[in-house]
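**Student:** have a look; sequence and predicted model below, questions after that.
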Amino acid sequence: MHLPKAELHLHIEGTLEPELAFALAERNGVTLPYATTDELRAAYEFDDLQSFLDLYYALMAVLRTEDDFAELADAYLARAAAQGVRHAEIFFDPQAHTARGVPIGTVIEGLGRALERSEETHGVSTQLILCFLRDLSAESALGTLDAAKPYLHRISAIGLDSAEVGHPPAKFRAVYEAATALGLRKVAHAGEEGPPEYIREALDILGVERVDHGLRCMEDPELVARLVADRVPLTLCPLSNVTLRTVDKLADHPLPEMMAAGLLCTVNSDDPAYFGGYAGDNFDAVRDALALDPEQLRTLARNSFEAAFLDHDEERRARYLSEVEAYAFD
Ligand code: HPA
Ligand SMILES: [Zn+2]
């Protein structure tokens with residue numbers, strides 16, 4: 001669906017399509033444990049978040065040079081633009097690369113090169129969100145923030161991702177405080193597999209402005225009331241939820257109930273190369289499975305621009321919002 005939208009929950013490493021993975025493996029002399037792209041695709045059967053993360057981290061071994069990161073981001077931006085994405089706030093996982101010996105500067109400069117020309121090349125404005133891996137230590141996160149200091153002009157926010165259960169937001173209080181002092185904005189994954197309490201911690205202890213996923217807030221009516229009253233955006237990822245078995249099937253996704261409750265919901269792709277579709281595909285899928293009408297779809301698109309970190313450029317936000325109003329559904 002080409003409805004204009006902002007994508008606010010997108011892991012750039014999760015846009016690595018099998019074809020690019022094999023091309024980069026060849027270029028960099030990396031051997032993949034799969035013979036063909038079809039064989040690799042056949043491995044995309046996941047039981048939960050961890051089973052996906054195992055493959056996600058393994059496949060990143062092909063990403064080594066600045067050019068690799070630039071190519072990855074450019075390929076994503078082209079696909080996103082073709083599905084109506086006008087603005088993208090893009091996660092990356094520096095620790096997944098520095099752990100393999102790739103310097104953080106290689107990652108950020110490579111991504112940055114693609115992002116800085118994206119508006120001209122693809123008509124998509126961009127921001128970069130540095131995510132900490134929550135299954136690593138708080139000290140590692142602090143070290144990563146420190147290593148990113150020479151590149152902060154390219155980074156607008158921090159986030160928290162990877163294996164959620166057992167790694168509550170409170171573990172990262174110090175690094176969120178340090179990032180606040182540096183003027184960075186804050187988001188965190190919470191309530192994907194973890195309990196509603198993790199969403200409360202992300203709000204109260206980390207001071208996040210948006211909650212990534214946040215699906216499990218629906219188990220806690222008081223929390224829902226708070227999220228509604230404070231207009232805290234939730235970056236939902238419907239196809240991801242089905243692939244990682246957070247919901248049984250798309251027809252069971254609570255998105256309609258969440259919208260009816262007044263939550264500020266947005267629809268995003270998470271790791272589109274692995275979960276069966278990009279942003280527009282996620283909109284198509286919820287329209288079809290949940291019978292969303294054009295006004296509900298328009299609300300989701302409006303929400304995405306309301307939730308975007310565009311406070312420094314309200315003129316741009318207003319322009320994107322007027323594109324949403326002008327969009328004609330067929
Ligand atoms: O969906 C996700 N959840 C947590 N961590 C992640 N890292 C990439 N994708 C995800
Ligand atoms: Zn995610």
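**Tutor:** Yep, it's here. Numbering: from 1, shown residues only. Ligands and ions are numbered 1, 2, ... in the order given.
**Student:** alpha carbons only for contacts and neighbour counts from here, please
**Tutor:** Will do.
**Student:** can you give me every residue that contacts the residue lying closest to Thr180 once chain neighbours are set aside?
**Tutor:** Among residues not flanking Thr180 along the chain, Lys186 sits closest, at 7.8 Å (CA to CA, 6 or more residues apart in numbering). Neighbouring residues of Lys186 by CA atoms under 8 Å, 6 or more residues apart in numbering: 157-159, 176, 180, 206-210.
**Student:** one more time with 7 Å, if that's ok
**Tutor:** 157-159, 208-209 (CA atoms under 7 Å, 6 or more residues apart in numbering).
**Student:** immediately after the host helix or strand of it, which helix or strand?
**Tutor:** Element membership for Lys186, per DSSP states H and E: strand 185-190. On the C-terminal side of strand 185-190, the closest following helix or strand by DSSP H and E is helix 196-204.
**Student:** show me the contacts for the residue in the stretch 101-250 of the chain positioned nearest to ligand 1.
**Tutor:** For the stretch 101-250 of the chain and ligand 1, the shortest gap (CA to the nearest ligand atom) falls at Ser162, measuring 3.3 Å. Ser162 makes contacts with 133-135, as judged by CA under 7 Å, 6+ apart.
**Student:** are any of those residues buried, and which?
**Tutor:** 133-134 (16 or more other CA atoms under 10 Å).
**Student:** inside strands: which ones of the contacts of Ser162?
**Tutor:** Counted as lying in strands by DSSP state E, out of the contacts of Ser162, are Leu133.
**Student:** and which of the contacts of Ser162 is nearest Asp48?
**Tutor:** Asp135 (15.7 Å; CA to CA).
**Student:** thought His167 was touching that closest one, still the case?
**Tutor:** Yes - when contacts are counted by CA atoms under 7 Å, Asp135 is listed as touching His167 (6.2 Å).
**Student:** overlap in contacts of those two?
**Tutor:** Contacts common to Asp135 and His167, judged by CA under 7 Å, 6+ apart, are absent.
**Student:** so what's the gap between the top helix by length along the chain and the chain middle?
**Tutor:** With DSSP state H setting the assignment, residue counts place helix 66-82 as the longest helix in the chain. With CA atoms, centre = their mean, to the nearest Å as the basis, helix 66-82 stands 15 Å off its chain's centre.
**Student:** show me what that helix is packed up against.
**Tutor:** helix 104-116, helix 118-122 (3 or more CA pairs under 7 Å, 6 or more residues apart in numbering; DSSP states H and E).
**Student:** quick one: average pLDDT of the next helix or strand after it?
**Tutor:** As assigned by DSSP H and E, the chain's next helix or strand after helix 66-82 is strand 85-92. In this model, strand 85-92 carries a mean pLDDT of 98.
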